[in-house]
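**Q** this one's sequence-less:
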């Protein structure tokens, strides 16, 4: 008969696996042996935990989900201490600001691990590039992971976040997750500047506001509705203008 602690541990792992099988599409993990071995040799930690902890999803009976961009395990890449690992299975929990790795351990069991954000330099998921707090030096006002939407003389970062709403009703008896909220920031010289709208962008580049307005009008860019391509075009112009390239 298994000791109580061992039995409990295996039961919790089984519940986690059953939950994730019910809510996400799984591909067989590959390319994870390298990241596990690397973290063990680099940090001398338990290779299961990767200097983090086992992932136990919260509010899993609630309506909606906390993941970005969706709840499907996605092949991506992770860079830790400057070393990049390709073709790993990832989920990003935008409520808890956690990057989750799906991998197999030596016993053959599948485990779900919350990677330590302090060890993750960056990761790529679903064609989006994210940078970790460890790479944002200086006067850090924020923490966690940010989508790196533009990189030049400054960074344009987007913080994606959902929250759990404990609003229990007949339609949502277990509560529900909010819609995704995304907040834009310009990051330069260790400082974050929130860019909530067109006015905030023009205020940041106040010396060039007239030229930027003309550029937006010419290219039909509506800041609040612009897609990634239009935003990058606008930011490249602002960057070139403010750095004296044009």
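**A** Thanks, I have the structure now. Note that this is a predicted model, so its numbers are computed, not measured. Residues are numbered from 1 along each chain as shown.
**Q** Longest strand of the protein, counting residues only.
**A** Ranked by number of residues, the top strand in the chain under DSSP state E is strand 83-93.
**Q** Strand partners (parallel or antiparallel) of that one?
**A** Applying DSSP bridges to the sheet, strand 83-93 is found paired with strand 67-68 (antiparallel), strand 74-80 (antiparallel), strand 98-104 (antiparallel).
**Q** right, and the ones you listed - which one's nearest residue 183?
**A** Of all those, the one in closest proximity to residue 183, counting by C-beta to C-beta, is strand 67-68 (13.2 Å). No exception for glycine: its C-beta is placed from N, CA and C like everyone else's.
**Q** Reformat the strands paired with strand 83-93 as a markdown table; add mean pLDDT and distance to residue 177.
**A** Formatted as a markdown table, these follow (pLDDT from 0 to 100; distance: least, C-beta to C-beta, whole Å):
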| stretch | mean pLDDT | distance to residue 177 |
| --- | --- | --- |
| strand 67-68 | 96 | 9 |
| strand 74-80 | 91 | 19 |
| strand 98-104 | 89 | 14 |
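**Q** Would you tell me which of those gets closest to residue 165?
**A** strand 67-68 (16.0 Å).
**Q** and the nearest residue to residue 97 once chain neighbours are set aside, how far is that from residue 104?
**A** Nearest-residue entry for residue 97: residue 144, 3.8 Å, with adjacent residues in sequence omitted and distances by C-beta to C-beta, 6 or more residues apart in numbering. Residue 144 sits 27 Å away from residue 104, taking C-beta to C-beta, to the nearest Å as the criterion.
**Q** do residue 204 as well
**A** Using C-beta to C-beta, we find residue 204 at a distance of 47 Å from residue 104.
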